[in-house]
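*Asks:* I'll drop the sequence and a predicted model, then ask my questions.
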2 protein chains.
Amino acid sequence: MTIPGGFVDVSGERFTAIYELHGDSEAEVRARAREVCVEETIEFPLDLVAAGDIRDHVVGRVESVRERAPRRWEVAISYAAEVAGAELTQLVNVVYGNVSLMPDVRLTRLELSPTLLAAYRGPRFGRRGLRELVAAVNRPLLATAVKPMGLSCRELAQLAYHFALGGIDVVKDDHGLADQPFAPFRERVERCVEAVARANQETGGRSIYMPNVTAGNLLARARLAKELGAGGLLVAPGLVGLDAVRRLADDDAIALPIISHPAFQGAFVTHPESGLSHYVLFGQLARLAGADATVYPNYGGRFSFSRDACRAIVAGTAVPMGGLRPSFPAPGGGMQLKRIPEMLLTYGRDVIFLIGGDLHRRGPDLVDNARFFRQLAEEM
Amino acid sequence: MTIPGGFVDVSGERFTAIYELHGDSEAEVRARAREVCVEETIEFPLDLVAAGDIRDHVVGRVESVRERAPRRWEVAISYAAEVAGAELTQLVNVVYGNVSLMPDVRLTRLELSPTLLAAYRGPRFGRRGLRELVAAVNRPLLATAVKPMGLSCRELAQLAYHFALGGIDVVKDDHGLADQPFAPFRERVERCVEAVARANQETGGRSIYMPNVTAGNLLARARLAKELGAGGLLVAPGLVGLDAVRRLADDDAIALPIISHPAFQGAFVTHPESGLSHYVLFGQLARLAGADATVYPNYGGRFSFSRDACRAIVAGTAVPMGGLRPSFPAPGGGMQLKRIPEMLLTYGRDVIFLIGGDLHRRGPDLVDNARFFRQLAEEM
């Protein structure tokens, strides 16, 4: 049976997703691109839909096909704004839902339309707001994590105290700290908040502690963290969903800066011919979800990201997207202090340097190690 | 500074994650496996942790390393039950959080421990419960979707009516139907519920309608669906997070069967050397989250899953996991009616056949097409 062509009231506003596809000829790639247009919208045989608004407006539209390198094509597909609406879950579904099941299509960039962008608040603080919070006008921000898992709340708080004394701006939970019996959430937050406040009082500094609220009851944990005086929140969108981060960021009663962590998101980016680009996942989407800073593994560390991928993330954190504030790139993942000078050349000052284990390796005095970290980062 | 070794009160209960790693020698693979053990738990240089409970109990432990094929090794790593606790977000984080950023480690299987499994209710209905709901004792279940996006609620409901008249057990929303202006959620559910109930009244059948509740406000939408009389819920864990599905499934006020949809999850499985196995993602994890049925693209359709991958999903839906009920495999994705006989040989009777577009292609009478579908599925 042929389906009616539909009478669909659309505004005409469209947004665009840019994909990388692979193929030998433009004709081949165009055919594949048209499959994507259908798959991501009506998911229905096009020949069974009568002429009308569904074919004309609801189905995605191939806007351009350009060969970028041998066999690598950049394909722009536009979708009606109404197909995504104001829901982040549905936006992600439209641009990369079923297509995720195709091993040769990569989503590389989003160009969202005005109405759609207006539905998103994005980072509440962004780069400028976070700088104000920690009183760092024009230098890279410093971050570290209290860890390892297995320490008691008291021991973790002692670490937080030393880090803050040494001038680390953001002292966050390791993302593996949840609500384990050896360091339960409430006690951990209470103690670490107190420790960082005490250090601030001694130094006149403005360090903030950010507990990890990644959990099923994300909002409840975030509210508790706020109540206990936390200065921000760490959350892994791969584990809780991007939209949950958005609700967290948009919650005016919580109103804390948010750092996103890449746990469980790696599989999206590690294969260059499929998945999502680093730019779109850690840059654009994290920002749409409202992350004020986006953690990712730095190039040359123990993970696989290239320098180009890291630069692309930086670009995604700052590309103009309506009124959305730029977010901070926060490279981490086995970073070493000795690499700070080189990283300053790569990243400039608009960056959060996240160093964990290596801050301990330098010597027995953690406060001194933290001061050294800060000194390195200010030498530009 | 060396970190104290910790005094960690652990029960000694451990659960196991099985990975596939790649390497030339056992020594090389063992070294890599030890990296995974650290990465997924303490994420901290092991040489900086003093001897004690953290090293002995909190860090993951390589239990076995076996060569399965040239360069392909099966590695079993155990973790203390307390490291994951009762949180699905943290369980996923432990078994595949940071490791997702490594392009050469694949999580293939979970062997969870009793306490951990006891924390999960799993599918509320499972295979038997879903069979009871639709009164299908011993035959494959049939499912289809109302679509395409762009039809009005009235038109979608008319489709639902015909499908139910023809004896399709599960009439679900297409996963792209959210709350778009052309078919708003509330009106769509109202009309489709009414249409399916009317068909049931005429046939004496027990078809159920399952709206798509994938959204940021998942629970609110599910509660509304329940209130309006929906017979089940469709949700995409890739978009809302596995734990959100779990909360939905565990909600005793909602208490509806749940079908999970693979949108945005494809990138996890499409590269054989990394990500997650089909078995663990669409089988074990979907079931832990409480999905009563798991939709995935059938082999030979327009996606890339192999027959072996599909068989592995089936195995994951039924492997003993404490008291968790088996879930239904629901192969779909461009399936054709003519393949039913062959699929019966592959899947047997414990399956939900999901056919969308091809149900329209057969001829102008949708009710007759649906009856034909049912007849095919009963011929075993």
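*Replies:* Looks like it came in fine.
*Asks:* now the strands: where do they sit in chain A?
*Replies:* Taking DSSP state E, the strands of chain A run over residues A:14-22, A:61-69, A:72-80, A:106-111, A:141-146, A:170-173, A:208-210, A:233-235, A:258-260, A:275-276, A:293-297, A:328-332, A:352-354.
*Asks:* who touches the next helix or strand after the shortest one?
*Replies:* Using DSSP states H and E, the helix or strand that directly follows strand A:275-276 along the chain is helix A:278. Outside of helix A:278, the residues within contact range by CB atoms under 8 Å, 6 or more residues apart in numbering or on different chains are A:269, A:296, A:305, A:309-310, A:312-313, A:316. Just so you know, the C-beta spots here come from the backbone N, C-alpha and C atoms, and that holds for glycine as well.
*Asks:* who wins for proximity to B:G301 among the strands of chain A?
*Replies:* When the strands of chain A are compared by CB to CB, strand A:14-22 sits nearest B:G301, at 19.5 Å.
*Asks:* Tabulate the CA atom coordinates of the closest one in PDB.
*Replies:* Listed next in PDB are the C-alpha coordinates belonging to strand A:14-22 (Å, rounded to 0.1, in the frame of the first residue of the first chain):
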ATOM      1  CA  ARG A  14      16.400  23.400   8.100                       C
ATOM      2  CA  PHE A  15      19.600  22.400   9.900                       C
ATOM      3  CA  THR A  16      22.500  20.600   8.400                       C
ATOM      4  CA  ALA A  17      24.600  17.600   9.400                       C
ATOM      5  CA  ILE A  18      27.900  17.100   7.600                       C
ATOM      6  CA  TYR A  19      29.000  13.500   7.100                       C
ATOM      7  CA  GLU A  20      32.000  11.800   5.700                       C
ATOM      8  CA  LEU A  21      31.200   9.000   3.300                       C
ATOM      9  CA  HIS A  22      33.400   6.700   1.300                       C
END
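*Asks:* and it with strand A:61-69, angle?
*Replies:* Interaxial angle of strand A:14-22 relative to strand A:61-69 (axes from the mean of the first three to the mean of the last three CA atoms, to 10 degrees): 40 degrees.
*Asks:* Okay, domains of chain A per the record?
*Replies:* Chain A breaks down into these domains under automatic domain parsing: A:14-118, A:126-378.
*Asks:* Redo those as a markdown table? Include mean neighbour count.
*Replies:* Shown next, in a markdown table, are those (neighbours: other CB atoms under 10 Å in any protein chain shown):
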| stretch | mean neighbour count |
| --- | --- |
| domain A:14-118 | 20 |
| domain A:126-378 | 22 |
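*Asks:* coming back round to it: of the contacts of helix A:278, which pair is most distant in space?
*Replies:* So, the contacts of helix A:278 by CB to CB: farthest apart are A:F305 and A:G316, at 13.3 Å.
*Asks:* how about A:N138, what does it touch?
*Replies:* Counted by CB under 8 Å, 6+ apart, A:N138 has contacts A:R349.
*Asks:* repeat for A:A293
*Replies:* Applying CB under 8 Å, 6+ apart, the residues contacting A:A293 are A:130, A:257-260, A:327-330, A:352.
*Asks:* Ok, A:S11 next?
*Replies:* A:S11 neighbours (CB under 8 Å, 6+ apart): A:80-82, A:115.
*Asks:* Give me the pLDDT for it.
*Replies:* In this model, A:S11 is scored at 93, pLDDT.
*Asks:* Repeat that for A:L117.
*Replies:* So, for A:L117, pLDDT stands at 97.
*Asks:* Nearest residue to it in space, please, no chain neighbours.
*Replies:* Nearest non-adjacent residue to A:L117, counting by CB to CB, 6 or more residues apart in numbering or on different chains: A:G322, 3.1 Å away.
*Asks:* does the one you found really touch A:A118, like I thought?
*Replies:* Yes: counting by CB atoms under 8 Å, A:A118 is a contact partner of A:G322 at 6.4 Å.
*Asks:* Quick check: residues of the stretch 101-250 of chain A near chain B?
*Replies:* Counting by CB under 8 Å from any CB of the partner chain, the residues of the stretch 101-250 of chain A close to chain B are A:101-103, A:147-152, A:155, A:174-176, A:178-182, A:214-216, A:236, A:238-241, A:243-244, A:246-247.
*Asks:* returning to what we had before: looking at the strands of chain A, which is closest to A:K338?
*Replies:* strand A:352-354 (12.3 Å).
*Asks:* Does the closest one reach chain B?
*Replies:* No: Strand A:352-354 lies apart from chain B when judged by CB under 8 Å from any CB; the minimum separation is 11.9 Å.
*Asks:* in the sheet, who's paired with A:L276?
*Replies:* Per DSSP bridges, the residues bridged to A:L276 are A:L107.
*Asks:* got a pLDDT number for it?
*Replies:* Turning to A:L276, the model gives it a pLDDT of 98.
*Asks:* And for A:I3?
*Replies:* At A:I3, pLDDT is 87.
*Asks:* and if you look at the one 3 residues further on?
*Replies:* Note for A:G6: predicted pLDDT of 84.
*Asks:* count of neighbours near it?
*Replies:* 23 (other CB atoms under 10 Å in any protein chain shown).
*Asks:* do you know how far it is from chain B?
*Replies:* Distance, A:G6 to chain B, by CB to the nearest CB, to the nearest Å: 4 Å.
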